[in-house]
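**Q** take a look and give me a structure for this.
(2 chains)
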Amino acid sequence: MSNPDLSATGAANAAPAQPTHRRFKRRSKRMKALLPYMLVAPAVLYLMLITLYPGIFAITQSFYNVKFGPWQWAGFDNYTRLMGDYQFWGALWNTLVIGSISLILQCIIALTLAFYAYRDPWVQGWRIIFLIPMLFMPSAVAFIYKLAFLDARVVADLFIRLGLLDGNVAWQSSIWLSRMILIIADVWQWTPFLFIIFVAGLQAQDEEVEEAARLDGASWYAIFWNISLPMMKPIIAVALILRAIDITTMFTNVFIITKGGPAFGTETISYFIYRTGFKFFNFGYASAASVIMLIITIIIAQFVVKRAFVSART
Amino acid sequence: MASARKRSRGESLALRYAILGAWALFCLVPVLWFLSIGLRPRIEIITPQPIYFPTFSLDAWHMIWEDWPMGKYLRNSVLAIIGSVIIDLILAIPAAYSLSRFEYKGRDDIGFYILSTRMMAPAIVAVPIFFLFRNFGLLDTIWALMLIYAAINLSFVTWIIRSYMLDIPKELEDAAKTDGAGELRILWEIIIPAILPGIITASVIAMIFAINEFLFTLLIASTPDAYTMSVALANFTGGSDGVIYNAIALVAFLAFLPVFLVVVLIQKHLSRGLTMGAVKG
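**A** Prediction:
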């Protein structure tokens, strides 16, 4: 990826600057040891402002009853209430169900498409089409599916014309149909994300290994399954983790398409926090939910993400 | 035997194009249909029977510019996004340089901390961030949007740039060092020019995420002073008028086109950028 020409000219330019720098160097050996820390510090401090500070704030607030007036000490009240709140557990469950179905579908579809596309020069020419859904604003995509399924009833109409249905469908009164709309919208928009990563991963593999296996009489499918796929594992892990993070924080589609209904059947954990905090202004309670999410996130980050990113790099 | 193999090869080719073609259609049909929504009069959108061949109309185009301060939304989006990318680059380039070019205690932990902020669900930090901005009087300003977009993208940008920096051969630096160039000079004159593609890729991806950002923008922006394209969409619900879909569709395409163009330009780097450098495609 590096560009030797550019770097070479850079090196030539750097040369005349020596004298001043020698002086600078002698003056500050201690500075030198601190330099890497000083370089990384601004970014870390900035990120702490949006992670550490909110974390501490949320933990503090979660022990108070915060509505409109002053904060009132509440001890563990918010947490005990949360543990008995079926809507909170429901939201966790919905996030898990919607997220895992959606992720599995995206992974299978993206792998299939990548398998068929990665060594095909003709497909590479129009592969950009596959990326289009990903490049729309998520809020726009949510409206596309709200209109297609609910408001304009185009999907039901098409099925009726094809003779697969004999009447309109009340998507919104069924939990599973509503979840399905969210899943379809997510699969439509984000399969391209996995697709482009998988294609890149497959293309980066050594063509000669595949060629050798082919000469031994192995089928395309066998080569993919036994050679390419195992080598892809670290890449698949990284891609799925990035996608999983975004799916578990799913908010926009819920906010626009289902509003969490029917019967809280599509309320994700993000929407639960938003609803308790910014609709019912029960900030202490929302913070308690945030803290629990935070703990789950940290555990997953430590055990899963760290490992995946380290192994993808070796 | 030979012909049997040839035939199965042909069949698998047909299957391949059938599958890829079907998915391409699935990608395109909703988009084209949504474009047709943007170019039809409002009365033809929500009808007892869906209309597949509507009359052409630029109603929505006039509406978004005349009835709504779309110019203002556009300006807010552009300013907030460009500002956030600049903040990101100023913070991320030195950080990435430190993480990729120095050996020191705690380096990997710091790197992982930066990466892990990407995993924070926006909803977790939404409440505290809301109070933080309120205390500073930044609610409903593009400054708040700029700061929050920068924060969301910083981990991504740092890791992408770090990955590109790791690719630069160490000899280049060593040569400059024996010539007496200091670290910061090496960063500025050798490393940054060499990783320009990485910096551009990171900036484009940061821009896309910033355009897409929804939850924070929804909480921070409460008047057209700070509305961006993404949240303005959600406000085209026009109260008693119901959702104004043709306006939404046009705004969506307005935001889509520039994104599409830059992505075509950086296509080769996209997969590497999206995985924060984990995939070198």
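**Q** residue contacts, residue B:173?
**A** B:101, B:186, B:190, B:191 (CB atoms under 8 Å, 6 or more residues apart in numbering or on different chains). C-beta coordinates here come from the backbone N, C-alpha and C atoms, glycine included.
**Q** okay, now residue A:208: neighbour count?
**A** 8 (other CB atoms under 10 Å in any protein chain shown).
**Q** who touches the one helix or strand it maps to?
**A** Secondary structure assignment for residue A:208, by DSSP states H and E: helix A:207-215. For helix A:207-215, contacts defined as CB under 8 Å, 6+ apart pick out A:119, A:220, A:222, A:223, A:227, A:228.
**Q** the fifth one: what secondary structure?
**A** Spelled out, that is residue A:227. Here residue A:227 is recorded as helix under DSSP: H, G, I helix; E, B strand; the rest coil.
**Q** now the residue nearest to the spatial centre of chain B: closest residue in space, sequence neighbours ignored.
**A** Residue closest to the mean C-alpha point of chain B, counted by CA atoms, centre = their mean, is residue B:208 at 1.4 Å. Nearest residue to residue B:208, sequence neighbours excluded (CB to CB, 6 or more residues apart in numbering or on different chains): residue B:259, at 5.8 Å.
**Q** cool, residue A:251 as well?
**A** Per CB to CB, 6+ apart, closest to residue A:251 is residue A:270, 4.2 Å.
**Q** quick check: which element contains the one you found?
**A** Here residue A:270 sits within helix A:269-274, counting by DSSP H and E.
**Q** check which element follows that helix along the chain.
**A** Next element after helix A:269-274 (DSSP H and E): helix A:283-300.
**Q** residues of that next one that come out buried?
**A** A:283-294, A:297, A:300 (16 or more other CB atoms under 10 Å in any protein chain shown).
**Q** one more: stretch B:116-136?
**A** For stretch B:116-136, burial by neighbour count (16+ other CB under 10 Å) applies to B:116-133.
**Q** what does stretch A:122-133 give?
**A** Of all the residues in stretch A:122-133, those buried under the rule 16+ other CB under 10 Å are A:123, A:127, A:129, A:130, A:131, A:132, A:133.
**Q** what are the ranges of the strands in chain B?
**A** In chain B, no segments count as strands under DSSP state E.
**Q** low-confidence ranges in it?
**A** Within chain B, the ranges that satisfy pLDDT under 70 run B:1-11, B:237-241, B:280-281.
**Q** domains of it: list them as residue ranges, please.
**A** Listed by automatic domain parsing, the domain ranges of chain B are B:2-59, B:61-274.
**Q** out of the ones you listed, deepest packed?
**A** domain B:61-274 (a mean of 20; mean count of other CB atoms under 10 Å in any protein chain shown).
**Q** start and end of that one, how far apart?
**A** End-to-end span of domain B:61-274 (CA to CA, to the nearest Å): 33 Å.
**Q** distance from the chain centre to that domain, please.
**A** 7 Å (CA atoms, centre = their mean, to the nearest Å).
**Q** do stretch A:63-81 as well
**A** Put simply, stretch A:63-81 sits 32 Å off its chain's centre (CA atoms, centre = their mean).
**Q** what about the residue of the stretch 151-300 of chain A found nearest chain B, neighbour count?
**A** When distances are taken as CB to the nearest CB, the stretch 151-300 of chain A reaches nearest to chain B at residue A:200, 2.5 Å away. Residues contacting residue A:200 under the criterion other CB under 10 Å number 23.
**Q** tell me the SS of residue A:110?
**A** helix.
**Q** helix or strand: which one has the nearest residue to it once chain neighbours are set aside?
**A** Ranked by CB to CB, 6+ apart and with sequence neighbours excluded, the top spatial neighbour of residue A:110 is residue A:194, at 3.6 Å. Taking DSSP H and E as the definition, residue A:194 sits inside helix A:175-203.
**Q** residue contacts, the residue nearest to residue B:214 when sequence neighbours are not counted?
**A** Leaving out its chain neighbours, the residue that sits closest to residue B:214 by CB to CB, 6+ apart is residue A:252, at 4.6 Å. Going by CB under 8 Å, 6+ apart, residue A:252 touches A:138, A:139, A:142, B:214, B:215.
**Q** nearest to residue A:39, of these?
**A** Set against residue A:39, the nearest of the contacts of residue A:252 by CB to CB is residue B:215 (31.4 Å).
**Q** on that earlier part again, in helices, which of the buried residues of stretch A:122-133 appear?
**A** Among the buried residues of stretch A:122-133, the ones falling in helices (DSSP state H) are residue A:123.
**Q** check the buried residues of stretch A:122-133 against chain B, which are close?
**A** Residues of the buried residues of stretch A:122-133 in contact with chain B (CB under 8 Å from any CB of the partner chain): A:123, A:129, A:130, A:131, A:132, A:133.
**Q** grab the nearest non-local neighbour of the third one.
**A** If you skip the residues right next to it in sequence, residue A:130 has residue A:192 as its closest partner in space, 5.2 Å away by CB to CB, 6+ apart.
**Q** before we move on, what about the fourth one?
**A** Beyond its immediate neighbours in the sequence, the residue positioned closest to residue A:131 (CB to CB, 6+ apart) is residue A:192, lying 4.8 Å away.
**Q** count the neighbours of that neighbour for me.
**A** Neighbours of residue A:192 under the rule other CB under 10 Å: 24.
**Q** ok, longest helix in chain B?
**A** helix B:2-38.
**Q** near chain A, anything from that helix?
**A** Yes. Using CB under 8 Å from any CB, helix B:2-38 reaches chain A at B:12, B:16, B:19-20, B:23-24, B:26-28, B:30-31, B:33-34, B:37.
**Q** send the alpha carbons of stretch A:74-91 over as PDB?
**A** Output of stretch A:74-91 as PDB, limited to C-alpha atoms (Å, rounded to 0.1, in the frame of the first residue of the first chain):
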ATOM      1  CA  ALA A  74     -32.500   5.900  45.100                       C
ATOM      2  CA  GLY A  75     -29.800   3.300  46.000                       C
ATOM      3  CA  PHE A  76     -30.300   0.100  44.000                       C
ATOM      4  CA  ASP A  77     -33.900   0.800  43.300                       C
ATOM      5  CA  ASN A  78     -33.400   1.400  39.600                       C
ATOM      6  CA  TYR A  79     -31.500  -1.900  39.300                       C
ATOM      7  CA  THR A  80     -34.000  -4.000  41.300                       C
ATOM      8  CA  ARG A  81     -36.800  -2.600  39.300                       C
ATOM      9  CA  LEU A  82     -35.000  -3.200  36.100                       C
ATOM     10  CA  MET A  83     -34.400  -6.900  37.000                       C
ATOM     11  CA  GLY A  84     -38.100  -7.300  37.400                       C
ATOM     12  CA  ASP A  85     -39.000  -5.300  34.300                       C
ATOM     13  CA  TYR A  86     -40.300  -7.600  31.600                       C
ATOM     14  CA  GLN A  87     -39.900  -4.900  29.000                       C
ATOM     15  CA  PHE A  88     -36.200  -4.700  29.700                       C
ATOM     16  CA  TRP A  89     -35.700  -8.400  29.400                       C
ATOM     17  CA  GLY A  90     -38.000  -8.300  26.400                       C
ATOM     18  CA  ALA A  91     -35.800  -5.700  24.800                       C
END
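**Q** can you pull the buried residues of that stretch?
**A** For stretch A:74-91, by 16+ other CB under 10 Å, it's A:74, A:77, A:78, A:79, A:82, A:85, A:88, A:90, A:91.
**Q** pLDDT wise, what is the fourth one at?
**A** Yep, that's residue A:79 we're talking about. Looking at residue A:79, its pLDDT reads 93.
**Q** which residues touch residue A:114?
**A** A:195, A:198, A:199, A:202.
**Q** how close does it sit to residue A:308?
**A** Residue A:114 sits 19 Å away from residue A:308, taking CB to CB, to the nearest Å as the criterion.
**Q** same check, this time on residue A:231
**A** Between residue A:231 and residue A:308 the distance is 15 Å, computed by CB to CB.
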